[in-house]
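Enquirer: Quick one, structure for this:
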Amino acid sequence: MEAKIGHGPQPPIPQRDRVTFLVRLSEMFGPVVGLMTAFAVIDGFMVLNVISQNHAERTVTVGCGYRDGRWWFHYVHTNELIRPADELTVAAHHIRTRMERTGR
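Expert: The predicted model follows:
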């Protein structure tokens, strides 16, 4: 989910932004009863696990990748895009709704 390197000089991708966005997304779940979050590292990249305390099968793993000039949240296991990372409230709502609706 990272930007593709082309010919010529490429601007560096600020990796600390990935961590900042994931931490801020985690904070969105703090007041939600029944959900908790935990950070992990997959393939060298920090990810956020959103965990249902009552339904372990509803846990999702969210990554943050740079694509088309901006950071995006995505489901790690399907690589499905969620929302741009600067849309924290909408992204958190999308994740919570999907967990409730589909059981994942």
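
Enquirer: tell me how far the ends of stretch 73-81 are from each other?
Expert: From its first residue to its last, stretch 73-81 covers 6 Å (C-alpha to C-alpha, to the nearest Å).

Enquirer: Give the buried residues for that stretch.
Expert: 73, 74, 75, 76 (16 or more other C-beta atoms under 10 Å). Any C-beta I mention is one placed from the backbone N, CA and C, and that applies to glycine too.

Enquirer: Nearest to residue 49, out of the residues you listed: which one, please.
Expert: For the buried residues of stretch 73-81, the closest approach to residue 49 (C-beta to C-beta) belongs to residue 76, at 9.2 Å.

Enquirer: Next one, pLDDT for the closest one please.
Expert: Residue 76 is assigned 96 on the pLDDT scale.

Enquirer: What ranges does the chain have for its strands?
Expert: 35-42, 45-52, 60-67, 70-75, 81-84 (DSSP state E).

Enquirer: Redo the ones you listed as TSV? Include distance to residue 20.
Expert: What follows is those, written out as TSV (distance: least, C-beta to C-beta, whole Å):
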stretch	distance to residue 20
strand 35-42	13
strand 45-52	10
strand 60-67	9
strand 70-75	9
strand 81-84	14
